[in-house]
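[1] Sequence first, then the predicted structure:
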Amino acid sequence: MKIMVINGPNINMLGTREPEIYGSLTLEDIINEINDYAKTLGVEIETFQSNVEGEIVTSVQKAKNDCCGIVINPAAYTHTSVAIRDAIAAVGLPCVEVHLSNIHNREEFRKNSLTAPVCIGQIAGFGANSYKLGLKALVDFIKSA
Ligand code: DQA
């Protein structure tokens, strides 16, 4: 079973980006953690990060070829992107939205997610752990479907 893990804009800046909010791990550290965890779950992951909305849309579409589901942190596009929302809806793969920070206890504009309604669920506020929790939830969902 293969799962696509997608990260949106500025997630490549983790480690130095507002560490008081996003922590001190880099994206590479987080991917290494997810990879190790994926092995314990018996699944394979493919990772993709882009600062460009259309590239994220394309990666969601490509997941349809050989992945059973998607873990996505759309980052700032969470709050703005009809295109990413429509891509998730179009491919019809089960998708879990994850955030490092708790988007619900921050600025008002972060509280709304355009993408969460087309996902099976959202996990926010657990730092890098959000990805592992999201992956576990997704794999359990797929296995029980
Ligand atoms: C984020 C939350 C978003 O509001 C923000 O734009 C990000 C990161 C998170 O993981 O906490 O870039 O998705």
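    That came through, no problem.

[2] my guess is residue 51 meets residue 9, correct?
    Yes - taking CB atoms under 8 Å as the definition, residue 51 is a contact partner of residue 9 at 4.3 Å. Any C-beta I mention is one placed from the backbone N, CA and C, and that applies to glycine too.

[3] Before we go further, residue 45 is sitting in a strand, right?
    Yes - assessed with DSSP: H, G, I helix; E, B strand; the rest coil, residue 45 lies in a strand.

[4] Quick check: it touching residue 34?
    Yes - if you go by CB under 8 Å, residue 45 and residue 34 touch, sitting 6.1 Å apart.

[5] Now the common contact residues for the two.
    5, 135 (CB atoms under 8 Å, 6 or more residues apart in numbering).

[6] give me the beta-bridge partners of the residue nearest the centre of the chain?
    For the chain, the residue nearest the mean C-alpha position is residue 72 (1.9 Å; CA atoms, centre = their mean). Counting by DSSP bridges, residue 72 is bridged to residue 6, residue 97.

[7] And it, how far from the ligand?
    Going from residue 72 to the ligand by CB to the nearest ligand atom, to the nearest Å gives 10 Å.

[8] ok, the closest residue to residue 126 other than its chain neighbours - contacts?
    Nearest residue to residue 126, sequence neighbours excluded (CB to CB, 6 or more residues apart in numbering): residue 133, at 6.1 Å. Contacts for residue 133 (CB under 8 Å, 6+ apart) come out as 98, 123, 126.
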